[in-house]
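Engineer: quick one: sequence plus predicted model below, questions after.
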Amino acid sequence: MASDPGLAAMLLWTISLQALGSAGTNSNEVNLLDTTTITGDWGWLTYPSHGWDAINEMDEYFSPIHTYQVCNVMSPSQNNWLRTGWLPRDGARRIYIEVKFTLRDCNSMPGVLGTCKETFNLYYYESDRAVGSAVRENQFIKIDTIAADESFTGVDLGVRRLKLNTEVRGVGPLSKRGFYLAFQDIGACIALTSVRVYYKRCVGVSRNLAVFTDVVTGADSSSLVEVRGQCVDHAEERDTPKMYCSAEGEWLVPIGRCVCSAGFEEHRDSCVGESTRCAFIPDLFAAVKTESGAFAGLVLLVKTIISS
């Protein structure tokens with residue numbers, strides 16, 4: 001195997017950059033896979049044996065880092081596959097794959113211009129159960145060819161300046177219980193530093209005295225999912241409360257509403273009895289009866305007005 005000796009050396013600095021630049025996921029994103037949370041080897045299938053390698057490093061805090069890398073840039077006709085384990089889709093109809101990686105500039109390596117590549121391919125395969133190693137290459141469906149926005153050179157290595165790329169691709173509609181992802185190398189010098197697979201949802205909210213529960217987004221990038229709201233306690237429908245969940249996991253303008261039943265009135269997205277709203281008045285009068293309680297009564301009055 002003709003492997004670039006500089007690739008393994010650059011992994012530690014790459015991961016340090018990743019740790020500094022990573023951000024938390026949004027509340028409307030539900031992870032199906034996040035390799036940064038895996039404490040050991042990712043346990044993915046690689047073939048042929050001289051292709052992708054699992055590389056274990058330590059970061060500057062002496063925490064273990066697990067990645068996959070390949071750099072067979074001097075040999076022609078490369079076809080190296082890296083496949084995830086089976087991932088249940090958890091009801092998702094559309095998933096998103098976020099890949100973080102570094103890639104070596106072919107022009108920075110002598111003698112590889114005819115064989116070195118600067119892209120890799122991303123695939124998926126749906127199945128209702130785990131199938132082990134039985135999946136053949138021609139059964140995978142291509143998602144996209146992934147290219148780096150920035151590639152690193154030997155000069156970058158020398159000054160410990162590496163370029164971390166982040167690419168996100170969406171896939172849908174999904175229909176089976178789960179799926180596999182696969183990464184095909186065709187001759188690049190690349191290191192995968194993390195892979196995150198997630199779907200989007202609209203998080204439950206209350207609008208117009210109606211409760212809308214969590215809902216998974218639709219199967220394509222422009223779909224809207226209609227959700228009917230449930231009136232809060234002591235409320236009833238005036239017009240059927242509905243909202244639409246967008247593909248980005250955001251609620252659109254509500255339609256219809258609920259109103260409080262007789263004997264109740266609206267207060268902070270709920271319906272309360274009229275006697276409950278007035279319950280503070282005896283306490284207020286009791287407080288202002290004494291000089292020492294005058295200020296406390298005023299504070300209570302202000303708080304009540306604000307909360308109303």
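Structural biologist: Alright, I've got the coordinates.

Engineer: read off the pLDDT value for Ala134.
Structural biologist: pLDDT, Ala134: 82.

Engineer: sorry, wrong one. I was asking about Gly218.
Structural biologist: Listed pLDDT for Gly218 reads 95.

Engineer: tell me which residues touch the closest residue to Glu250 other than its chain neighbours, please.
Structural biologist: In space, and not counting its chain neighbours, Glu250 is closest to Cys202: 6.8 Å by C-beta to C-beta, 6 or more residues apart in numbering. Where C-beta positions appear, they are placed from N, C-alpha and C, glycine not excepted. When contacts are counted by C-beta atoms under 8 Å, 6 or more residues apart in numbering, Cys202 is found next to Asn28, Phe212, Asp214, Val215, Thr217, Val225, Val227, Cys245, Ser246, Gly249, Glu250, Trp251.

Engineer: from those, which single one is nearest Gln139?
Structural biologist: Thr217 (27.0 Å; C-beta to C-beta).

Engineer: please report phi then psi for that closest one.
Structural biologist: Per-residue torsions, Thr217: phi -70, psi 170 (degrees, to the nearest 10).

Engineer: can you tell me the closest non-neighbouring residue to it?
Structural biologist: Once flanking residues are discounted, Thr217 sits nearest to Lys200: 4.6 Å by C-beta to C-beta, 6+ apart.

Engineer: hang on, isn't the one you found packed against Asn31?
Structural biologist: No - contact criterion C-beta atoms under 8 Å: Lys200 and Asn31 do not qualify, at 11.2 Å.

Engineer: could you check which of the two has the larger neighbour count?
Structural biologist: Lys200 (22 against 14; other C-beta atoms under 10 Å).

Engineer: and Trp52, what does it touch?
Structural biologist: Counting by C-beta under 8 Å, 6+ apart, Trp52 has contacts Thr46, Tyr68, Gln69, Val70, Asn80, Trp81, Leu82, Phe183, Asp185.

Engineer: many thanks, we can stop here.
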